[in-house]
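# here is a sequence together with a model predicted from it:
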Amino acid sequence: MGLVRRRSSLVAVLDVSVLQPTPTSTRPSAASRAIGTVVVAVVSSLFLLFIVAPVAGLVASGGVRGLGSLGSDSELRDSLILTALTATIATALGVIGATPLAYLLARRRFRGRAVVSALMDLPLVIPHPVAGIALLLVLGRASPIGSVLYAAGIRVASSPVGIVCAMLFVSAPLYVSAAREAFARVDSRYESVARTLGDDAWRAFRRVTLPLSARGLTAAAIVMWARAVSEFGAIVILTYNPKVASVLSYDRFTSYGLNEALPVAAVLVVFALVPLAALRALRGAQ
């Protein structure tokens, strides 16, 4: 009996000793925390400087001259108009064609869903000149599809149609990804309530899901438009002429040097700030 009591007392002492904190603290000292804060601040500042400095230097070097040349440089003006127009058409086609796919990926579980998602992300990971070669292979005049389109009077290569195709191919995956997230944030129970009140699937989507995800879809479209505007690699393979702004900047750099390319590049950067400002304003209003 005494042996049992002594054993119980020993177990109790061990339990208490385990629960008590060790005298040696493992928390970092104030000096270590201060050094860590300084290191993180320096690294973050250097990274921010790495991102901002080239853009700021470009705009400072050629921004004023580029904006001033818009009135006299008809080639630059036409390239900006062509860029904005083709990017808008590509974005509209992407919204029309990719919105149902994004909704399907967000709401339905079906066989092959992972494969479809991977295929949609593929244009984001392949080099864009390779994307241009692939498009040229499928839509060029020598291909079966391209020959049918050419017979119908639609030329893809070396035309604005080719620019739209290149922009759509490289930027649509961004819209699908963002639109899928926008649909996923809408509680599916709202749709179920609408269905119990007599709405069919399309009416529930139009009256419930679409309004609730409108901000996210708009942001996705803005991101797609901005990506289409900045595209170069696929366009330069598929359609060198007529020139969008990115191709014009490259053409002047290779033909006349850095000094002539600076105004075009700076104007393109300023041009790209428009959708970014719109996107920040939209997110700030949420």
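That came in fine, so what should we check first?
# now do the strands for this protein: every range, in order, please.
Counting by DSSP state E, the chain has no strands to list.
# now it, which segments are flagged as low pLDDT?
For the chain, the stretches with pLDDT under 70 are 1-28, 58, 61-71, 282-286.
# helices or strands next to the longest helix along it in the packing?
Ordering each helix of the chain by length in residues (DSSP state H) puts helix 30-68 first. Applying 3 or more CB pairs under 8 Å, 6 or more residues apart in numbering; DSSP states H and E, one finds that helix 30-68 contacts helix 258-284. All C-beta atoms are positioned from the backbone trio N, CA, C, and that covers glycine.
# the helix it packs on - contacts with which helices or strands?
helix 30-68, helix 74-107, helix 214-230, helix 245-256.
# quick revisit: the longest helix of the chain to helix 74-107, inter-axis angle?
130 degrees (axes from the mean of the first three to the mean of the last three CA atoms, to 10 degrees).
# please name the residues that touch residue 256.
By CB atoms under 8 Å, 6 or more residues apart in numbering, no residues touch residue 256.
# now do it against residue 48, distance only.
Distance of residue 256 to residue 48, computed by CB to CB, to the nearest Å: 33 Å.
# report the distance from the longest helix of the chain to the chain centre.
Going by CA atoms, centre = their mean, to the nearest Å, the spacing between the C-alpha centre of helix 30-68 and its chain's C-alpha centre is 22 Å.
# ok, stretch 144-156 next?
Worked out by CA atoms, centre = their mean, stretch 144-156 lies 31 Å from the chain centre.
# now do the buried residues in it.
146, 149-150, 155-156 (16 or more other CB atoms under 10 Å).
# now stretch 200-214
Neighbour-count burial for stretch 200-214 flags 204-205, 208-209, 212-213 (criterion: 16+ other CB under 10 Å).
# so residue 234 sits against residue 131, correct?
Yes - Residue 234 is within contact range of residue 131, at 4.4 Å (criterion: CB atoms under 8 Å).
# ok, the two, which is more surrounded?
Between residue 234 and residue 131, residue 234 has the larger neighbour count (other CB atoms under 10 Å), namely 29 against 22.
# what's the neighbour count on residue 192?
12.
# next one: residue 215 from residue 171, what distance?
20 Å.
# those two: who's more crowded?
residue 171 (25 against 15).
# the more buried one and residue 228 touch, don't they?
Yes - checked against CB under 8 Å, the pair residue 171 and residue 228 is within contact range at 4.4 Å.
# any common contacting residues for the two?
Common neighbours of residue 171 and residue 228 (CB under 8 Å, 6+ apart) are 90-91.
# what residue is smack in the middle of this protein?
What sits nearest the mean C-alpha location of the chain, by CA atoms, centre = their mean, is residue 174, with 4.5 Å.
# who are the contact partners of it?
Counting by CB under 8 Å, 6+ apart, residue 174 has contacts 124, 220, 223-224, 227.
# ok, residue 104 next?
Counting by CB under 8 Å, 6+ apart, residue 104 has contacts residue 110.
# do the same with residue 242
78-79, 82, 159-160, 163.
# hmm, 6 Å instead?
residue 82 (CB atoms under 6 Å, 6 or more residues apart in numbering).
# ditto for residue 208
With CB under 6 Å, 6+ apart, residue 208 has these contacts: 190-191, 194.
# roughly how far does it sit from residue 201?
Distance of residue 208 to residue 201, computed by CB to CB: 11 Å.
# residues near residue 247, how many?
Neighbour tally, residue 247, other CB under 10 Å: 22.
# isn't it right next to residue 234, touching?
No - look at residue 247 against residue 234 with CB atoms under 6 Å: they stay out of range, at 10.8 Å.
# ok, and what's touching stretch 42-52?
Contacts for stretch 42-52 (CB under 6 Å, 6+ apart): none.
# from residue 148, how far out is residue 261?
Taken as CB to CB, the span from residue 261 to residue 148 is 39 Å.
# I am finished for the moment; much appreciated.
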